[in-house]
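Student: Make a model of this:
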Amino acid sequence: ARVAGVTVQVSPDGAWAIALAGPHERVACMLGDLQANTWRPFLPDGREGECEGAWLDGRTYVARVHDDESPTGRAVAIPVATSADPGTWRVIAPSSRAVLKAAGLVQGSVVLAEVLDCAVRFRLLGIDGRDERIVPLAGPGSSAVAMIHRRFQTNEALTFDFGSFTQPFSHCHV
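Tutor: Model (predicted):
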């Protein structure tokens, strides 16, 4: 199969690599064992939909997943050893009315960028899906991070742009 726009995310311990493909909808398509120099499909055969996120540690990938089961998206923790078996995936944030646009990790928390009622919102969750905190914003607005980038780089701070009809775009830090 032909793929476009391949990028690679290496695990924090340098043992694994996930190849993401697609010009728009990003899909974690291949898992590379960097010690054995082998590659295998990351997702189950025939799986359709987006799957993209960030490494939690050397064994777990946290991703936003859009598919027939959750068309608005859900956040899951995927063990790399059994990534092709969705029965081993653990739901961090289930599908909801909000459309999940980006997922990543910031200071050990899962960060989600969502669109709810035509406005962006950012949620921080514990890796277990608890301790939810919604980032306060100056009213309804939008963010290119949520709409274009689709994931956050693992970082010590959440940095994003935000603007509205009454407020020019500016950078925000949490």
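Student: so residue 12 sits right up against residue 59, yeah?
Tutor: No: contact status for residue 12 versus residue 59: not in contact, 10.1 Å apart, counting by C-beta atoms under 8 Å. Placement of C-beta: from N, CA and C, glycine included.
Student: which one of the two has more residues nearby?
Tutor: Neighbours were tallied for residue 12 and for residue 59 using other C-beta atoms under 10 Å; the higher tally belongs to residue 59 (15 against 12).
Student: how about the helices of the chain, start to end?
Tutor: If you assign secondary structure with DSSP state H, the helices in the chain sit at 144.
Student: Tell me where the model's unsure across it.
Tutor: Within the chain, the set of residues satisfying pLDDT under 70 comprises 1-4, 23-24, 146-157, 168-169, 171-174.
Student: Could I get the full set of strands for it?
Tutor: Counting by DSSP state E, the chain has strands at residues 7-10, 16-21, 27-33, 38-41, 51-55, 60-65, 74-79, 90-93, 99-106, 109-116, 119-125, 133-134, 159-162, 170-173.
Student: Among the ones you listed, which comes closest to residue 142?
Tutor: Each of those was scored for nearness to residue 142 using C-beta to C-beta, and the closest is strand 119-125 (5.3 Å).
Student: Show me what counts as buried in the closest one.
Tutor: 120-125 (16 or more other C-beta atoms under 10 Å).
Student: List the strands paired with it, with their directions.
Tutor: Taking DSSP bridges as the criterion, strand 119-125 sits next to strand 109-116 (antiparallel), strand 133-134 (antiparallel) in its sheet.
Student: Could you export the ones you listed as TSV, including distance to residue 87 and mean neighbour count?
Tutor: Shown next, in TSV, are these (distance: least, C-beta to C-beta, whole Å; neighbours: other C-beta atoms under 10 Å):
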stretch	distance to residue 87	mean neighbour count
strand 109-116	21	22
strand 133-134	30	12
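Student: Figure out which of those strands is closest to residue 63.
Tutor: Of all the strands paired with strand 119-125, it is strand 109-116 that lies closest to residue 63, at 10.2 Å by C-beta to C-beta.
Student: who's in contact with the closest one?
Tutor: Contacts made with strand 109-116 from outside it, assessed by C-beta atoms under 8 Å, 6 or more residues apart in numbering, are listed as 62, 64, 75, 92-93, 97-105, 120-127, 129, 131, 143, 145-147, 152, 158, 160.
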